[in-house]
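Colleague: Sharing a model prediction with you, sequence too.
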Amino acid sequence: PDLLYEETAANFTSSAILECDYHDVLFDDTTLPFSLVDGDLIEGHRIREGGEYSPSECKPKYSTAIIVPYRDRAEELRGFLVYMHMFLRRQSIHYRIFVVEQVDSRPFNRAKLLNIGAAAAIRGGYPCLVLHDVDLLPLRPANLYACTKCPRHMSASINKFRFVLPYLKLFGGAIAITSNQYKTINGMSNEYFGWGGEDDDFYARIEVEELKMCRFEPETSKYHMVGHKMPGNGDKRKKFLKYEKNKISNDGLSTLKFIEVATVLHPLFTHIMVDL
Ligand code: BGN
């Protein structure tokens, strides 16, 4: 807990009520007790259009934008949204879920979609970003969706990898990073079309800027991966990683160009559709 970074939610400063208590979240590591019923989720549970939630019984200390790059996985997205709202509401944080969908037919560009979502979240005043794959579900309530002082690799322990971290510098899946840190490293590269490598590039940026990454203990970092994510056949992996500082400033948030096709507020998420 002393890792946690104190952030005030800019838009939620209702002064009369007490700050939320994070003790229960951090120390109750039992299995999740909720049932997945959508009706129950939307009605009477104060999730606002666009998939934004803030507890009303206490003042949240953390304000987090969850950004999900997406294309073509409607069933997974549906399950993800229902599960995540149930999971996140129990954490007494203020959050909003942004789904950034690539609508063109070029190979999927996860990192560029994350940049687009991050830029929207930063414009919206969110101090903390969680960059999150749609096929990952957190299994431990103690895995708080808030930023730590260090950029945090949240999904270190995934069933698909038999709950073992495949390599020490793995920095994909689910990441919590402050908006300021994200700006410092100029976000992610826009050039990784197709599967793989963009997360290694992201980690390289963290190293170049000397931001130390961190993780919670493996037990807390457990995730369930839905389906089987594997590199598609036609995907070309980038075989180079960019470590140099000058390249970082030439490729990232500062050079982000895309066409925003539409943005729609759904009951459970903000849907940003883009042509890369
Ligand atoms: C690595 C990928 C990561 C991926 C992990 C886990 C590359 C870089 C090749 C130069 N890295 O191999 O992107 O997150 O596996 O699946 O492909």
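Modeller: Alright, I've got the coordinates.
Colleague: buried ones in stretch 46-63?
Modeller: By 16 or more other CB atoms under 10 Å, the buried positions in stretch 46-63 come out as Ile47, Gly50, Gly51, Glu52, Tyr53, Ser54, Pro55, Lys59, Pro60, Lys61, Tyr62, Ser63. All C-beta atoms are positioned from the backbone trio N, CA, C, and that covers glycine.
Colleague: in the stretch 101-250 of the chain, which spans are helices?
Modeller: Remark: helices assigned in the stretch 101-250 of the chain by DSSP state H, counting those that start in this stretch are 110-123, 179-184, 198-208, 245-250.
Colleague: Adding mean neighbour count as columns, could you present those in JSON lines?
Modeller: Conversion of those to JSON lines gives the following (neighbours: other CB atoms under 10 Å):
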{"stretch": "helix 110-123", "mean neighbour count": "23"}
{"stretch": "helix 179-184", "mean neighbour count": "18"}
{"stretch": "helix 198-208", "mean neighbour count": "21"}
{"stretch": "helix 245-250", "mean neighbour count": "14"}
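Colleague: Switch the ones you listed over to a markdown table; also include mean pLDDT and distance to the ligand.
Modeller: Supplementary listing: the helices of the stretch 101-250 of the chain in a markdown table, determined by pLDDT from 0 to 100; distance: least, CB to the nearest ligand atom, whole Å:
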| stretch | mean pLDDT | distance to the ligand |
| --- | --- | --- |
| helix 110-123 | 98 | 9 |
| helix 179-184 | 96 | 19 |
| helix 198-208 | 93 | 5 |
| helix 245-250 | 80 | 16 |
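Colleague: residues in contact with the closest residue to Leu139 other than its chain neighbours?
Modeller: Leaving aside its chain neighbours, Leu139 sits nearest to Lys222 (4.3 Å; criterion: CB to CB, 6 or more residues apart in numbering). Shown in contact with Lys222 (CB atoms under 8 Å, 6 or more residues apart in numbering): Pro138, Leu139, Arg140, Asn143, Ser157, Ile158, Asn159, Phe163.
Colleague: For the fifth one, grab the count of nearby residues.
Modeller: It stands for Ser157. Applying other CB atoms under 10 Å, we find 22 residues neighbouring Ser157.
Colleague: The fourth one too?
Modeller: Residues near Asn143, counting by other CB under 10 Å, number 24.
Colleague: likewise the third one?
Modeller: Using other CB under 10 Å as the criterion, Arg140 is surrounded by 20 other residues.
Colleague: Now do the nearest residue to it once chain neighbours are set aside against the ligand, distance only.
Modeller: Here the nearest residue to Arg140 in space, its sequence neighbours aside, is Thr220; by CB to CB, 6+ apart that works out to 5.0 Å. Separation of Thr220 from the ligand (CB to the nearest ligand atom, to the nearest Å) stands at 20 Å.
Colleague: hang on, Thr220 packs against Pro138?
Modeller: No - the criterion here is CB atoms under 8 Å, and Thr220 misses it with Pro138 at 9.2 Å.
Colleague: more neighbours, the two?
Modeller: Pro138 (24 against 19).
Colleague: wait, the more buried one sits on Met154?
Modeller: Yes - counting by CB under 8 Å, Pro138 touches Met154, with 7.3 Å between them.
Colleague: Mutual contacts of the two, please.
Modeller: Residues touching both Pro138 and Met154 by CB under 8 Å, 6+ apart: Ala174, Tyr223.
Colleague: Need the mean per-residue confidence for the host helix or strand of Val261.
Modeller: Using DSSP states H and E, Val261 sits within strand 259-265. Mean pLDDT, strand 259-265: 97.
Colleague: For it, which helices and strands make contact with it?
Modeller: Applying 3 or more CB pairs under 8 Å, 6 or more residues apart in numbering; DSSP states H and E, we find strand 259-265 packed against strand 270-275.
Colleague: looking only at pLDDT, what's the mean for the strand it packs on?
Modeller: Strand 270-275 shows a mean pLDDT of 98.
Colleague: Pull the number of nearby residues for whatever residue of the chain ends up closest to the ligand.
Modeller: Among all residues of the chain, Gly196 sits closest to the ligand, at 2.8 Å; criterion: CB to the nearest ligand atom. Using other CB under 10 Å, Gly196 has 15 neighbouring residues.
Colleague: what do you get for Cys147?
Modeller: Neighbours of Cys147 (other CB under 10 Å): 27.
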